[in-house]
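Visitor: sequence plus the predicted model coming up.
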Amino acid sequence: MGKVYLGANKDINSYNLYAYVSNNPINMIDPSGQVGIILGCVIIGGIAGTIAGGIVGAAKSKTKTGKVKTSEVIKSGAVGGIGGTLLGIAVGALGYGVTVLLNPQTRDAAQQGYDTFAQLKENLPKPAPGNQYHHIVEQSQITRSGFDPKMVHNVNNITEISKELHYKISGYYSSIPTNIETSGMRVRDYLTGQSFDSQYEFGIKVIELFKDK
């Protein structure tokens, strides 16, 4: 999966535009590609606001009573935390918007996609050794379900996984599984005709299913 922002919160994974949810697709999901930067700003803003509010509360109580009251620290910390969180939302949203405006190439890649996988790969960094790019919604669904190739060959439908995991997932899509009801059909046949969003959610669950096997 790809992002439309770069370098959030000193997180090394955020410097890879094509790393879906910080390389953790099993525990996180972000179809829009926006959650990471905004969430990071919210967390930092909330923490910073709470600390600042607590310090202010301590200073006030010290000035008024000559000692630091825990109740004042907690009250001011809560107010500061709320304010910091709201500010974090605003900063995160602004950062996302500005980055998209200043980076039309990345924006176009995420929104428009490509007609072929080869074209998409030309605009992606090489996978790490032992890894491969994996379509969360299978390429075969372009013809099977009539999806626009630009939806399938898109940074928002790509994640980097190990070759071993890729092999297992490909085999699963060709199988008639016993762990889910597919009406006796192979998985990709069962998915044919379902919406893109449904197939995307299914694809994420399949990654989770095989990640530790």
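Guide: Nice, I can see it.

Visitor: quick check, Phe210 in contact with His166.
Guide: No: with contact defined as Cβ atoms under 8 Å, Phe210 and His166 do not form a contacting pair (9.6 Å). All C-beta spots, glycine's among them, are computed from the backbone N, C-alpha and C.

Visitor: give the contact list for the spatially closest residue to Gln141 that is not a sequence neighbour.
Guide: Spatial nearest neighbour of Gln141, excluding adjacent residues (Cβ to Cβ, 6 or more residues apart in numbering): Phe147 at 5.4 Å. Shown in contact with Phe147 (Cβ atoms under 8 Å, 6 or more residues apart in numbering): Val137, Gln141, Phe196.

Visitor: the last one is in contact with Val137, isn't it?
Guide: Yes: the pair Phe196 and Val137 passes the contact test of Cβ under 8 Å, sitting 6.1 Å apart.

Visitor: compare these two and say which is more crowded by neighbours.
Guide: Shown here are Phe196 and Val137; by other Cβ atoms under 10 Å, Val137 has more neighbours (25 against 15).

Visitor: where does the more buried one sit: helix, strand or coil?
Guide: Secondary structure, DSSP: H, G, I helix; E, B strand; the rest coil: Val137 is coil.

Visitor: torsion angles phi and psi at it?
Guide: Backbone geometry at Val137, expressed as degrees, to the nearest 10, gives phi -100, psi 120.

Visitor: who's in contact with it?
Guide: Contacts of Val137 by Cβ under 8 Å, 6+ apart are Phe147, Met151, Val152, Asn157, Phe196, Gln199, Tyr200, Gly203.

Visitor: of those residues, which is the most crowded?
Guide: Result: Asn157 is most packed of the contacts of Val137 (other Cβ under 10 Å), 26 neighbours.

Visitor: retrieve the pLDDT associated with it.
Guide: pLDDT for Asn157: 89.

Visitor: now do it against Ile180, distance only.
Guide: 22 Å (Cβ to Cβ, to the nearest Å).

Visitor: that older thread, quickly list what's touching both of Phe196 and Val137.
Guide: Phe147, Met151.

Visitor: show me how the chain divides into domains.
Guide: 12-108, 113-210 (automatic domain parsing).

Visitor: lowest-confidence stretch among those?
Guide: domain 12-108 has the lowest average pLDDT among those, namely a mean of 61.

Visitor: correct me if wrong: Thr50 contacts Gly83.
Guide: No: between Thr50 and Gly83 there is no contact under Cβ under 8 Å: 9.4 Å.
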